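K.L.:
Got a predicted structure plus its sequence, pasted below:
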Amino acid sequence: NKILFNNQITARERFIDIEDRGYQFGDGIYEVIGVYDGKPFLLEEHLLRLKRSAKEVHLQLPEKIEKIKGNLEKLVQVNELVEGIIYLQISRGTAARWHEFPSPEVSPVMVAYTRAEQRMSNVEDEGAIATLTEDIRWLRCDIKTLNLLPNVLAKQKAVEQNAIEAILHRGETVTEASASNVFMVRNEEVYTHPANNFILNGITRQQVLQLCNKLGIRVKEKPFNIKEMLQAEEVFITATKLDIVPILKVDQHTIASGNPGDITKKILHEFRKLYQKQVKS
Ligand code: PMP
């Protein structure tokens with residue numbers, strides 16, 4: 001498999017410097033983009049978010065978005081990827097290790113690669129269990145940066161408990177999960193944390209909110225607490241790699257009847273139509 005290194009599609013064996021700021025400080029940003037039927041899914045939306053992340057950390061994108069888009073499409077083609085993901089990251093570049101931005105300025109280092117992966121349709125249909133963990137991240141979770149240590153620790157804890165995800169809470173408030181957004185249904189209304197500095201505004205989250213509007217399901221972008229979530233009619237999580245996964249249990253608490261909820265299933269059904277539409281186009 002080839003990779004994208006700055007502007008070049010090349011062999012994977014590339015030299016990343018030991019003083020790359022991504023490596024030393026986590027000083028960089030990234031995106032994970034789904035690929036279905038050989039085409040990147042919601043690529044424009046992901047690149048818009050990348051642009052926003054770059055701006056928020058004062059990182060100059062090495063290329064115009066259009067050029068990055070073309071290169072990613074080319075990478076998928078060259079690798080003959082049918083189903084899987086693209087990982088794209090941009091670090092602030094390589095320079096002697098001082099915390100402040102390098103002066104004189106250095107070029108950012110952009111890397112992308114693809115990975116073949118099957119959709120997780122089973123778990124999407126059947127649901128999964130999650131665990132609760134304190135959200136110990138910084139106050140700019142809206143930026144998709146390489147600093148993922150709190151997310152790594154939370155996810156590891158989930159895996160050790162055979163849970164698909166760690167649902168994060170700040171005090172009593174549920175924010176999101178270690179690598180996905182969290183929703184609950186109460187009185188047939190869909191609730192999710194507002195897209196502020198406490199969560200990453202997931203591309204899947206944004207699609208789900210649009211689909212709810214289309215389906216006439218009422219949405220409240222309003223924080224909810226742990227107790228409200230445990231007493232909800234339905235809970236589900238969303239992410240590029242998971243689509244929409246019903247959460248049947250959170251630690252020892254079964255959510256409602258312990259089955260995937262009707263509203264969740266309806267949204268999932270509609271979401272699947274989105275990429276089926278892409279397959280046909
Ligand atoms: N929140 C966090 C913290 C994440 O890492 C992710 C996955 N990148 C998401 C939410 C879901 O975002 P998306 O739907 O864009 O994959």
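P.N.:
Structure's in. What do you need? This structure is a prediction, so every number in the text was calculated from the model and none was measured.

K.L.:
Please make it C-alpha for all contacts and neighbour counts, starting now.
P.N.:
OK.

K.L.:
other SSEs contacting the lengthiest helix in the chain?
P.N.:
Longest helix in the chain, counting residues (DSSP state H): helix 262-280. The contact analysis (3 or more C-alpha pairs under 8 Å, 6 or more residues apart in numbering; DSSP states H and E) places helix 262-280 against helix 203-215, strand 234-239, strand 243-250.

K.L.:
That one to strand 234-239, inter-axis angle?
P.N.:
On the basis of axes from the mean of the first three to the mean of the last three C-alpha atoms, to 10 degrees, helix 262-280 is oriented at 30 degrees to strand 234-239.

K.L.:
With distance to the ligand, mean pLDDT and mean neighbour count as extra columns, can I get the helices and strands packed on helix 262-280 in a markdown table?
P.N.:
Shown next, in a markdown table, are the helices and strands packed on helix 262-280 (distance: least, C-alpha to the nearest ligand atom, whole Å; pLDDT from 0 to 100; neighbours: other C-alpha atoms under 10 Å):
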| stretch | distance to the ligand | mean pLDDT | mean neighbour count |
| --- | --- | --- | --- |
| helix 203-215 | 4 | 98 | 17 |
| strand 234-239 | 4 | 98 | 26 |
| strand 243-250 | 8 | 98 | 25 |
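
K.L.:
Quick one: low-confidence residue ranges for the protein.
P.N.:
279-281 (pLDDT under 70).

K.L.:
Enumerate the residues of it near the ligand.
P.N.:
Residues of the chain found near the ligand (C-alpha under 6 Å from any ligand atom) are S178, A179, S180, N181, L200, G202, I203, T204, R205, T238, A239, T240.

K.L.:
Between those residues, which sits nearest V111?
P.N.:
Each of the residues of the chain next to the ligand was scored against V111 by C-alpha to C-alpha, and T240 proved nearest at 19.3 Å.

K.L.:
How many residues are close by that closest one?
P.N.:
When neighbours are defined as other C-alpha atoms under 10 Å, T240 has 21 of them.

K.L.:
thinking it is in contact with G34, fair?
P.N.:
Yes: contact criterion C-alpha atoms under 8 Å: T240 and G34 qualify, at 6.1 Å.

K.L.:
For the residue of the chain positioned farthest from its centre, which three-state class applies?
P.N.:
Centroid-distance maximum for the chain: P104 at 33.3 Å, with C-alpha atoms, centre = their mean. P104 carries the three-state label coil when classified by DSSP: H, G, I helix; E, B strand; the rest coil.

K.L.:
Next, give phi and psi for it.
P.N.:
Backbone geometry at P104, expressed as degrees, to the nearest 10, gives phi -60, psi 160.

K.L.:
State the distance from it to the ligand.
P.N.:
Computed as C-alpha to the nearest ligand atom, to the nearest Å, the P104 to the ligand distance reads 32 Å.
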